[in-house]
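S.K.: just a sequence and a predicted model for now, questions to come.
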Number of protein chains: 2
Amino acid sequence: MWVTNYCNYSGAASNLRKRYADIKRPLFLLVLSNTEIATVPGISGAGSAGRYIQHTPAADAEIVSHGRLKTIGVMSDAPSGAVTPAVLTRAALNLSQCAHLLINSGLQIVPGVPYYDLRAERGYDIRIKPGVPNAAVIRIASRKLAAHSDCDLAVIGESIPGGTTTALCVLHALGYGAHVSSSFSSNPIALKEEVASEAMKRASIDVGGLRKDPMRAITLFGDPMMPCVVGLVEGFVSLGKDVILAGGTQMGAVAAVLKQLNVREGVVIVTTKYVFNDTSARFRELIDSLEIDAFSAYPNFSRSTVRALQFYERGEVKEGVGAGGAMALACLSGHSQAVYRREVECVVKQLQ
Amino acid sequence: MWVTNYCNYSGAASNLRKRYADIKRPLFLLVLSNTEIATVPGISGAGSAGRYIQHTPAADAEIVSHGRLKTIGVMSDAPSGAVTPAVLTRAALNLSQCAHLLINSGLQIVPGVPYYDLRAERGYDIRIKPGVPNAAVIRIASRKLAAHSDCDLAVIGESIPGGTTTALCVLHALGYGAHVSSSFSSNPIALKEEVASEAMKRASIDVGGLRKDPMRAITLFGDPMMPCVVGLVEGFVSLGKDVILAGGTQMGAVAAVLKQLNVREGVVIVTTKYVFNDTSARFRELIDSLEIDAFSAYPNFSRSTVRALQFYERGEVKEGVGAGGAMALACLSGHSQAVYRREVECVVKQLQ
């Protein structure tokens, strides 16, 4: 199987298809946000060029929903030419025929396809002021949204440029020393640490200082994606539904908050093998300390003839737009790695 | 009981509480739209003043979701001083504790509370060009939305100023001679007929000419609320869920389209007694020819001390924002007419 168990604390089946054998109505939710932190020069590799960085979530949304751009003029591919993970997600949703729901939680640029609008503001520069002053309001609104969303398995992904830096800062505030991943193959860790440390200094918070107040960590150092995912997970878990956090270190930061809130039942994390392989991110360490069930998805693009996909094998992009979790859905619906890879190639061709 | 059966074609229980005895998870959906037709002088009594007429749905949305205005500066009360039906809907949702979902289907002014955005354009002036060129796209998107909305009974209301004129024109195109209701106590029927007849002349369509192509009637003569409600109902009905169309002649027009599309199973119409009592609208005739189960909700505001509510007894406003259907939810959850009336008075007081 191309989506494999990395660790298992719950004791549930380690085989993905066995674990979710009873699932009938999965729903893929994609949380779209912007944060001012993305505009710190050199911090994010999302989007094809610096000045269009904030267009990335809207472009990703159009690709996931529509299979190509609709109103956004700039592709959300990485500067290297690696294709946006939105393509990987689209291909997986095509195969699994899974319904999806886009959520606008603080977008500055909106897509031309339907979405649920939480009416949240963009995230602010955490070096200057709290990143998400209205985190509590977002959390309540997304909890309500979960309550009337019909599914038995919620797969939750995100697209927010600059989000790994806010994730790093939230993790530090909760006492985790873990580094974070990057869509660059050479991770600008020093710069991210600098931003995080400046933000924590401004707020007079030490490492681990907000372990007992994780929502305050989001308010001060997070981004608007985080309270949205927290609220969604709380809503789904309270109704006894299964949840897959689809992402790497950013979903790791959300999982760290959820752990402190004691929301754990039925929640797993699924990301790509590229994130697990990223030694600079120390992602495995983070997962181990979170004590959460985790799965690793591997599309093996070394077997692809498409150059924009081969980049992934070199550590470019790695994850995003819930791609790993979406692959789990494709795998659950019985599709092989080879079939999935061909579908990704089809989506890439339709984009050109 | 204060919500009573008016007609019963399906043979299901005529007692509202018996009919919906098994309902566990109702959902109130409010479709919010704008159409240029609202700006024809004298055509709509929605909103407190002509220049703010297009703010009405956004204001209504804030009142339903938030209990008061949040970002919109102008109350959506009628020019006479009669309170907006959003207040009646809010009170009913308060009592029933029913979840709600706002849907933006072509708003020009958006509310400051969460909603699902179909990314639809406003409706155009049907005298000049088709009212909803993208009706098919809206219909498909709202069908998808219904598919992942969790409920066993969907109560669907609307807020769109000028919507009775587009309803009249769609009804004519489908062969119905029925007049339509108005939020004015003296219904400007002649003006509405003039607009409808001009639109039909432009498109070279005779009365009844689109009986076999009801979606084309919406495209040419309708507004963006209509394809949204059609898609929602199709989505819910295909999943075997019950549907209440909450409104008067506007929902009558949608019901006429649904009848031609043969989407009928489990669909009823609920509106206020004020609409049934409106002799100028010939609403009873319309309902009879639609062969749909219908219920009438009566809050009896003659017993209220609040003047802005007493206006309803004189035929002002009558219905809107799904108020009648929301009253059915309050009634279903066991609340009496007197308790409901007191809750409405509370909401009115909180607004001031």
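M.R.: Sure thing, it's come through.

S.K.: on the three-state scheme, A:V110 is what?
M.R.: coil (DSSP: H, G, I helix; E, B strand; the rest coil).

S.K.: doesn't A:N104 make contact with it?
M.R.: Yes. Using C-beta atoms under 8 Å, A:V110 makes contact with A:N104 at a distance of 6.3 Å. C-betas here are computed from N, CA, C, even on glycine.

S.K.: check contacts around A:P85.
M.R.: A:D60, A:V317, A:E319, A:G320, A:V321, A:A323 (C-beta atoms under 8 Å, 6 or more residues apart in numbering or on different chains).

S.K.: return the item of these having minimum pLDDT.
M.R.: Lowest model confidence among the contacts of A:P85 falls on A:V317, which carries 92.

S.K.: which residues does A:E62 contact?
M.R.: For A:E62, the contact set (C-beta under 8 Å, 6+ apart) comprises A:R68, A:L69, A:K70, A:T71, A:I72, A:P111, A:G112, A:V113.

S.K.: A:T166: which of those is nearest?
M.R.: A:P111 (21.7 Å; C-beta to C-beta).

S.K.: number of residues surrounding the closest one?
M.R.: 27 (other C-beta atoms under 10 Å in any protein chain shown).

S.K.: helix or strand for the nearest residue to A:V110 once chain neighbours are set aside, which one?
M.R.: Of all residues not flanking A:V110 in the chain, A:A58 sits nearest, at 5.8 Å (C-beta to C-beta, 6 or more residues apart in numbering or on different chains). In this assignment (DSSP states H and E), A:A58 forms part of helix A:56-66.

S.K.: chain center to that helix: distance?
M.R.: Averaging C-alpha positions (C-alpha atoms, centre = their mean, to the nearest Å) puts helix A:56-66 14 Å from its chain's average.

S.K.: out of the contacts of A:P85, which are inside helices?
M.R.: The helices, defined by DSSP state H, take in A:D60, A:A323 from the contacts of A:P85.

S.K.: can you redo the contacts of A:P85 as JSON lines with distance to chain B?
M.R.: Formatted as JSON lines, the contacts of A:P85 follow (distance: C-beta to the nearest C-beta, whole Å):
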{"residue": "A:D60", "distance to chain B": "16"}
{"residue": "A:V317", "distance to chain B": "27"}
{"residue": "A:E319", "distance to chain B": "24"}
{"residue": "A:G320", "distance to chain B": "23"}
{"residue": "A:V321", "distance to chain B": "19"}
{"residue": "A:A323", "distance to chain B": "21"}
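
S.K.: excluding its backbone neighbours, what's nearest A:T219?
M.R.: Leaving aside its sequence neighbours, A:T219 sits nearest to A:A135 (C-beta to C-beta, 6+ apart; 4.5 Å).

S.K.: need the contact list for A:I189.
M.R.: Contact partners of A:I189, counting by C-beta under 8 Å, 6+ apart, are A:H179, A:V180, A:S182, A:S280.

S.K.: got the buried residues for the helix holding A:A58?
M.R.: A:T56, A:P57, A:A58, A:A59, A:D60, A:A61, A:E62, A:I63, A:V64, A:S65 (16 or more other C-beta atoms under 10 Å in any protein chain shown).

S.K.: list the buried residues in stretch A:285-305.
M.R.: Buried residues in stretch A:285-305, defined by neighbour count with 16+ other C-beta under 10 Å: A:286-287, A:289-290, A:292-299, A:301, A:304.

S.K.: tell me the mean pLDDT over it?
M.R.: 96.

S.K.: can you tell me, leaving aside adjacent residues, what's nearest to A:T305?
M.R.: A:E345 (7.7 Å).

S.K.: mind giving me the packing neighbours of the helix or strand harbouring the one you found?
M.R.: Per DSSP H and E, A:E345 falls inside helix A:337-351. If you count contacts as 3 or more C-beta pairs under 8 Å, 6 or more residues apart in numbering or on different chains; DSSP states H and E, helix A:337-351 packs onto helix A:85-96, helix A:307-310, helix A:323-332.

S.K.: tabulate the CA atom coordinates of the shortest one in CSV.
M.R.: Pointing back at helix A:307-310 there. Extracted C-alpha coordinates of helix A:307-310, given in CSV (Å, rounded to 0.1, in the frame of the first residue of the first chain):
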residue,chain,number,x,y,z
ARG,A,307,9.5,17.3,-14.5
ALA,A,308,7.3,19.5,-12.4
LEU,A,309,6.4,16.4,-10.4
GLN,A,310,10.0,15.0,-10.2
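
S.K.: thank you kindly, that will do.
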